[in-house]
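*Asks:* got a structure for you, letters missing:
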């Protein structure tokens, strides 16, 4: 018999571990919300995800499964916090606090009531602050003050759930103060308010009321209150809840020591459970009856009870919809867990992809920055090299010019013309001083360049007195002080005109230098009536033919460098005049 008894209890424990204490509505509602959650995850709609978690938490909360409700409220709150959705943070934090308070998790409940108060406004802020104070203080007076404040606020807003909870909390304070009549009054008020719209809350409050009566040895009132609940529609229309409440009534009779009535009630609950297919409720009734039979040493009744239960167990299980619903609920939660794991995996993959993409972008930016840096550095080096080359060409002109000038001095000395040599050296030193002073700048004031050219032509005129006359013409619209031009750019053309054209004439020639201002450029013209380019080439010696004219090449290289560095668009045109009657040189310099 003992082995049979243990085997039966083992079977009951198996069934007890299979299921949750949830209703059919809970399973289907959670399943419905899980579908919405799947859709929200697929659409990457975090707000909808949080809403689904919150609604699942509500379903469990209303079904009395506060541990599960806490789990889903926490998930919802985490997302709302991420989105900084203050209204939903307040709502979820409060429900989370209530779930934790139901489980006697006081510290986290206080924290969540405080968070709800932090993000809420007006009435909600006060209600949440009052709840945080109520849980955090040991003073009955402070608790009472906070609860009364919430009752008054909830009466104005007609929030029946929180109002009923307020009266229930006030009853706790009354019990702490040993004010029994007031505690009874507040619990009855709480029950009346909650039964109109919150059956689960009404059942909890009624359980609290009957326990209060039992603790005070007022079994008749406890029985009366429990029988009153059995007459409520939300109990009569729910066979599972009806069985539970009959069992609660039987427990009161057991505490009253009325074993006979308790056995009758448990048999009744057992019969309803068998009829309606509530396996777990039938199991509970069997366990309690077995316990009572053991107390009364009625072994035969106990054996008969187990035989009856085992005989009807297969049919009972086949009719028990709650086992299917619990399986649906379990599978749904597993799908939610799997969905969360998939989301985490996707998020991790996205994060890694983003890290890779960002790293690649950063690397590209660094590479581009490095290329730009190298390019700019090379550009600077190139510009610097061009400036050095330009400076080198400019300085190279000086010894070339000095060498030609010294040849002229040598000519005067060779002719024993001391006076002419002295005059030439005086003009030459003045010219060289001007050349040296401007040798470091790429551009010099136009007036200084004009002075240098005038001095140069005067110097050459001293040597070739009978070979040419010259004229310098300057456009009156030119601002000779502010305008800047490249130094010693025109001089080589003048030198070529004199040395390779005019000096070979049998009669006196003429050299004209003119500066004319156009719309956006300065036009410089050097015109002579010398022997021309082709005739000049014929008169060159073999040595002169083999040696390139360094002065002209230098000048053209300078023009190219000036264009590269300063974008002046300097152009140079050298051509014979008609009938080979001289050379015409045109130089244009952009003034913009």
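*Replies:* Received the coordinates, thanks. Source: prediction; values computed, not measured.
*Asks:* ok, the closest residue to residue 62 other than its chain neighbours to residue 164 distance?
*Replies:* Spatial nearest neighbour of residue 62, excluding adjacent residues (Cβ to Cβ, 6 or more residues apart in numbering): residue 200 at 5.6 Å. C-beta: built from backbone N, CA, C; applies to glycine. Using Cβ to Cβ, to the nearest Å, residue 200 is found at 11 Å from residue 164.
*Asks:* between the two, which one's more packed in?
*Replies:* residue 164 (26 against 15; other Cβ atoms under 10 Å).
*Asks:* what element comes up after the helix or strand hosting the more buried one heading to the C-terminus?
*Replies:* Using DSSP states H and E, the element containing residue 164 is helix 160-176. Using DSSP H and E, the helix or strand that directly follows helix 160-176 along the chain is helix 180-194.
*Asks:* report the distance from the helix or strand following that next one to the chain centre.
*Replies:* Per DSSP H and E, the first helix or strand lying C-terminal to helix 180-194 is helix 199-215. Computed by Cα atoms, centre = their mean, to the nearest Å, the chain-centroid distance of helix 199-215 equals 52 Å.
*Asks:* again with stretch 242-251
*Replies:* The answer for stretch 242-251 is 57 Å, by Cα atoms, centre = their mean.
*Asks:* list the buried ones in the helix or strand containing residue 89?
*Replies:* Residue 89 belongs to helix 86-102 when assigned by DSSP H and E. Neighbour-count burial for helix 86-102, counted by 16 or more other Cβ atoms under 10 Å, picks out 88-102.
*Asks:* tell me which residues touch residue 490, please.
*Replies:* By Cβ atoms under 8 Å, 6 or more residues apart in numbering, the contact list for residue 490 reads 449, 453, 513, 524, 526, 587.
*Asks:* again, only this time at 7 Å
*Replies:* 453, 524, 526, 587 (Cβ atoms under 7 Å, 6 or more residues apart in numbering).
*Asks:* tell me the SS of the third one?
*Replies:* Read it as residue 526. strand (DSSP: H, G, I helix; E, B strand; the rest coil).
*Asks:* how far away is the residue nearest in space to the middle of the chain from residue 555?
*Replies:* The centroid of the chain falls nearest to residue 354 when counting by Cα atoms, centre = their mean (11.4 Å). Distance, residue 354 to residue 555, using Cβ to Cβ: 61 Å.
*Asks:* dihedrals phi and psi, residue 567?
*Replies:* phi 50, psi 40 (degrees, to the nearest 10).
*Asks:* which residues of this structure fall in strands?
*Replies:* 443-445, 468-474, 484-486, 509-517, 521-528, 571-576, 583-590 (DSSP state E).
*Asks:* got a markdown table for those, with distance to residue 279 and mean neighbour count too?
*Replies:* Shown next, in a markdown table, are the strands of the chain (distance: least, Cβ to Cβ, whole Å; neighbours: other Cβ atoms under 10 Å):
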| stretch | distance to residue 279 | mean neighbour count |
| --- | --- | --- |
| strand 443-445 | 105 | 18 |
| strand 468-474 | 119 | 15 |
| strand 484-486 | 106 | 20 |
| strand 509-517 | 112 | 19 |
| strand 521-528 | 106 | 19 |
| strand 571-576 | 106 | 13 |
| strand 583-590 | 102 | 19 |
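*Asks:* which of those strands sits closest to residue 256?
*Replies:* strand 583-590 (116.4 Å; Cβ to Cβ).
*Asks:* which neighbours does the closest one have in its sheet, and in what orientation?
*Replies:* Paired neighbours of strand 583-590 in the sheet (DSSP bridges): strand 521-528 (antiparallel), strand 571-576 (antiparallel).
*Asks:* distance from the shortest one to the middle of the chain?
*Replies:* In this case it means strand 571-576. Distance, centroid of strand 571-576 to centroid of chain: 64 Å (Cα atoms, centre = their mean).
*Asks:* tell me the domain boundaries of the protein?
*Replies:* 24-113, 382-590 (automatic domain parsing).
*Asks:* tell me which of these lies nearest to residue 256.
*Replies:* Using Cβ to Cβ, the domains of the chain put domain 24-113 closest to residue 256, at 26.2 Å.
*Asks:* what about the closest one, average pLDDT?
*Replies:* The pLDDT scores in domain 24-113 average 89.
*Asks:* mean confidence score for stretch 428-435?
*Replies:* 75.
*Asks:* would you mind listing the buried residues in it?
*Replies:* 428, 431-432, 434-435.
*Asks:* of the residues you listed, which belong to helices?
*Replies:* 428, 431-432, 434-435 (DSSP state H).
*Asks:* looking at those, spot the one nearest residue 289.
*Replies:* Nearest to residue 289 among these, with distances taken as Cβ to Cβ, is residue 435, at 128.9 Å.
*Asks:* just checking, that closest one touches residue 452?
*Replies:* Yes - here residue 435 reaches residue 452: they are 6.5 Å apart, a contact under Cβ atoms under 7 Å.
*Asks:* quick check: neighbours shared by the two?
*Replies:* Common neighbours of residue 435 and residue 452 (Cβ under 7 Å, 6+ apart) do not exist.
*Asks:* report the contact partners of the residue lying closest to residue 166 once chain neighbours are set aside.
*Replies:* Spatial nearest neighbour of residue 166, chain neighbours left out: residue 151 (4.2 Å); criterion: Cβ to Cβ, 6+ apart. Residue 151 sits next to 163, 166-167 when contact means Cβ under 7 Å, 6+ apart.
*Asks:* relative to residue 502, how far out is the closest residue to residue 269 other than its chain neighbours?
*Replies:* Nearest residue to residue 269, sequence neighbours excluded (Cβ to Cβ, 6+ apart): residue 246, at 4.1 Å. Computed with Cβ to Cβ, the distance linking residue 246 and residue 502 is 138 Å.
*Asks:* again with residue 482
*Replies:* 33 Å.
*Asks:* and these two? which has more neighbours close in?
*Replies:* residue 502 (25 against 9).
*Asks:* need the per-residue pLDDT for that one.
*Replies:* 90.
*Asks:* that one contacts residue 510, correct?
*Replies:* No - with contact defined as Cβ under 7 Å, residue 502 does not reach residue 510; the gap is 8.1 Å.
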